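**Student:** just coords:
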């Protein structure tokens, strides 16, 4: 069963997805699903607002291009500011994950 | 490009947010459907399934549009601010690039803004700012009046006050005060007479005035025979008693009697005007209704009660008193006014006039600057055309030009603030006895706000007209330079001419008004007062209450004093009276002349009276017209001398009384008495008639007066007049002081000043009016002359080719200068005519500020236009001469 995405995590995943190059919203959603083996599905209801919010923040920029199948599509790409945000937020995320893992791996109650 | 075209272009360029979001989402759904199809789902079904999987398209769409819209608005705002900053930067760079223009314009505006802000600040401080009391809008002043006899805001009697206090239904509280003086002998320094006030105990609580130390008075202390107490002002406390707080509760000698200090009032407090100490008002046994000799009452209205309602309330009380005792109360009413009106009412009209005058000056300044900007606008036509061609809209250009004039105004406003600060302080100095304590005139937050407001307004007014004018561009014409430009410059020229006509008109008005006010002031200073104020020193002496109890002692003291003063070197004559001319002394009583028919009760013969020494009239330079002077033998007294009125056997009357009451007769030997014909006062024989002289301050007219010999009924409180041959009469003051101190160190000498200064000081409002409006009129005149000069010069520059051709085909230099002159003279003539008519109508507004000059004074209304015409002629003659002298070859080729 797909996990619900933590708030803010979607932004991080989008930035990561775009770090390989410009893509439209549909491709971003597909990539995330494929990379997580369908463990995470991205609902369109949250994907598009997240894309537009990131654009308003200046982390990504958009332009209209012609898709692989010759259709007009909105492509997003990472800006310099977005690249920086990706670096910082993924470091934070790793820190968070390892901290939580440490707690979960503990086999002894801490002395109080 | 038309503004319509711009709007279309902008619509094309601006992204259509909803459409973009639709396209994006539609793409997603289609991709999804395609993938499903690739997995074998039939096309129909694939599309339905894709939509189902997508979920709520509408919600996503709305979300995205909202996010994008907010973003777009933010960006646009940032751009606008950026544009504005760029305009501001550009404006200042432009001003730096033409320093001559900038300095001239900033100086002009600074002056205009500065004087306007000064007058507006002063007006705000005096007429708008509430008095520094608790809920000052509830406070009223109550005086007496007799409408039928034109008596207004006059003294009240204690008996009136008590009836008002006890019977009214309008006041939460009503207190009374009267002027007093107290001689301090304790503490540092000489014996000193201090201006004080006697107040009822409820007065300070009513005002909300709290002492800094100790307490105010209790009702018990108003009783006759209670312990004597005093409340000190902050200044007196620090100067005389070194700010010693242990003084509270101690007794100090005042007028030779111990008074316990009950408290000290805070710094800056003075009531009613500049008084420095207070004692409780203790009613004397003579406080009947007719004894209206106390300064006035102050009341706090109950919530919701108006001044008119309180007036009606007290009218009813006074009508009752009138019925009960017509002899004392006939015609007398209470005179109720807001305390604010009472304090500053007589400054309202002058301040309004100043505001109007300074407003005219500011308008003229604006017109001049607008004129300069129009000239610049014409010069910058090409620059503006280029900007318009590369896509700046008209609004954008107007904004840029307005920002430029605002930048100019801001610099002017900064200069104006400095000028305003100086102006306000200068204005404060005009008050001859210093500012009353409840007025503050200084550069305050309100004045800064006023200056900022005026600056903004000036910038907008100055900028908008030339900006609209300059951006009304005909692009092609501007590039083609000649043809279009000449038409446009003709239109701009008309606008500039109109501005100059307005300037001249406004300044004509101002100069006429100023001339009237200055003439009126001159009438004051040149009026024959009937006495000679030059070379006279005035002073006042009061004997302490506790000593000099018998008339003989008092009379002996003053006889010796006058004698000793007369022997001082440089002294020519010494006289004494109760009150000197222009000092404000004003005591009148009803009198009756023997053999005259009785007068109607509502129109008694009111006579100014006082006691004077034999030398008094000779000292101040008033001639004897008939009979004789008093002499040392005039000490006979009739009857009871314990009364408040003098009872000598003889009197001298003034010319007015003789002329009015004894026409065609020799007044000497006739008899006169206090009260009406039926009164039982003793008759007094007239022994002399003196010339009429102006005892009251102008413009009050001198009425009948009677003088009694001082030695018959000597008082405690006498004014001295000393005529000296010294150039500066005040040089005598130390000598006079020494003589008084040698006789009795506890007798203070005070109110020492020259007659001349006292008289001049009494004209302070007239002088202020003349000076302020005169200054503004001068500024207006100079600015208008500059305006004429500017317009005529630029016409000469524009028409130099035409003038050159005319010269080449034989026009003489005088032909040419006449041609140019006629333009300036026509503009000025039109302006003067308009200003003249407006002034003629509006001068009626000045009427009650004028004295001895009619508001339609013919000399002013004929003379001023002539002078203005000459100024205009001069202002246009300078450029005209330049035009005539120019070499035709140079000017023609110059094009």
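**Tutor:** Everything's here; your move. The shown structure was predicted, so the numbers you read here are calculated from the model rather than taken from an experiment.

**Student:** neighbours around the nearest residue to residue B:455 once chain neighbours are set aside, how many?
**Tutor:** Spatial nearest neighbour of residue B:455, excluding adjacent residues (CB to CB, 6 or more residues apart in numbering or on different chains): residue B:413 at 3.1 Å. C-betas here are computed from N, CA, C, even on glycine. For residue B:413, the tally of surrounding residues (other CB atoms under 10 Å in any protein chain shown) stands at 26.

**Student:** which strands and helices sit next to the helix or strand hosting residue B:413?
**Tutor:** Residue B:413 is part of helix B:394-429, with elements assigned from DSSP states H and E. Under the contact definition 3 or more CB pairs under 8 Å, 6 or more residues apart in numbering or on different chains; DSSP states H and E, helix B:394-429 sits against helix B:57-97, helix B:99-123, helix B:339-379, helix B:381-389, helix B:445-470.

**Student:** and the direction of that helix versus that of helix B:445-470, what angle?
**Tutor:** Orientation check (axes from the mean of the first three to the mean of the last three CA atoms, to 10 degrees): helix B:394-429 against helix B:445-470 gives 140 degrees.

**Student:** quick one: helix B:394-429 to chain centroid distance?
**Tutor:** Here helix B:394-429 is found 23 Å from its chain centre; the criterion is CA atoms, centre = their mean, to the nearest Å.

**Student:** Would you check that residue B:735 makes contact with residue B:568?
**Tutor:** Yes - the criterion here is CB atoms under 8 Å, and residue B:735 meets it with residue B:568 at 5.2 Å.

**Student:** pLDDT value on the most centrally placed residue in chain A, please?
**Tutor:** The centroid of chain A falls nearest to residue A:13 when counting by CA atoms, centre = their mean (1.3 Å). Predicted confidence (pLDDT) at residue A:13: the value is 89.

**Student:** element containing it?
**Tutor:** helix A:9-18.

**Student:** what kind of secondary structure is the residue nearest to residue B:592 when sequence neighbours are not counted in?
**Tutor:** Among residues not flanking residue B:592 along the chain, residue B:677 sits closest, at 4.8 Å (CB to CB, 6+ apart). Three-state call for residue B:677 (DSSP: H, G, I helix; E, B strand; the rest coil): coil.

**Student:** neighbours around residue B:677, how many?
**Tutor:** Neighbours of residue B:677 using other CB under 10 Å come to 13.

**Student:** Wait, it touches residue B:595, no?
**Tutor:** No - using CB under 8 Å, residue B:677 makes no contact with residue B:595, being 10.0 Å away.

**Student:** Can you name every helix or strand that the top helix by length along chain A contacts?
**Tutor:** Looking across chain A with DSSP state H, the single longest helix is helix A:80-105. Secondary-structure packing of helix A:80-105 (3+ CB pairs under 8 Å, 6+ apart): helix A:9-18.

**Student:** switch the cut-off to 10 Å
**Tutor:** Contacts defined by 3 or more CB pairs under 10 Å, 6 or more residues apart in numbering or on different chains; DSSP states H and E place helix A:80-105 against helix A:9-18, helix A:44-57, strand A:60-66, strand A:72-78.

**Student:** Pipe those into a markdown table and attach distance to residue B:366 per row.
**Tutor:** A markdown table is the format used below for the helices and strands packed on helix A:80-105 (distance: least, CB to CB, whole Å):
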| stretch | distance to residue B:366 |
| --- | --- |
| helix A:9-18 | 57 |
| helix A:44-57 | 46 |
| strand A:60-66 | 50 |
| strand A:72-78 | 55 |
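
**Student:** Could I get the ones you listed in TSV, plus columns for distance to chain B?
**Tutor:** Shown next, in TSV, are the helices and strands packed on helix A:80-105 (distance: least, CB to the nearest CB, whole Å):
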stretch	distance to chain B
helix A:9-18	13
helix A:44-57	4
strand A:60-66	8
strand A:72-78	5
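
**Student:** burial measure for residue 32, as a count.
**Tutor:** Looking at chain A here, since you left the chain open. The local packing of residue A:32 (other CB under 10 Å) involves 21 other residues.

**Student:** Can you look at chain B instead?
**Tutor:** Counted with other CB under 10 Å, residues neighbouring residue B:32 total 22.

**Student:** Tell me what angle the host helix or strand of residue B:825 forms with helix B:339-379.
**Tutor:** Using DSSP H and E, residue B:825 sits within helix B:813-842. Here helix B:813-842 points in a direction 160 degrees away from that of helix B:339-379 (the same axes, to 10 degrees).

**Student:** What are the buried residues along helix B:813-842?
**Tutor:** Neighbour counts using 16 or more other CB atoms under 10 Å in any protein chain shown place B:816-817, B:819-821, B:823-825, B:827-832, B:834-836, B:839 of helix B:813-842 among the buried residues.

**Student:** Find the closest residue to chain A in the stretch 601-750 of chain B.
**Tutor:** residue B:699 (76.3 Å; CB to the nearest CB).

**Student:** Surely that residue is within a strand?
**Tutor:** No - Residue B:699 is assigned coil when assessed by three-state DSSP, not a strand.

**Student:** ok, the residue nearest to residue B:129 when sequence neighbours are not counted - how many residues close by?
**Tutor:** Leaving aside its chain neighbours, residue B:129 sits nearest to residue B:446 (7.5 Å; criterion: CB to CB, 6+ apart). Residue B:446 is flanked by 14 other residues according to other CB under 10 Å.
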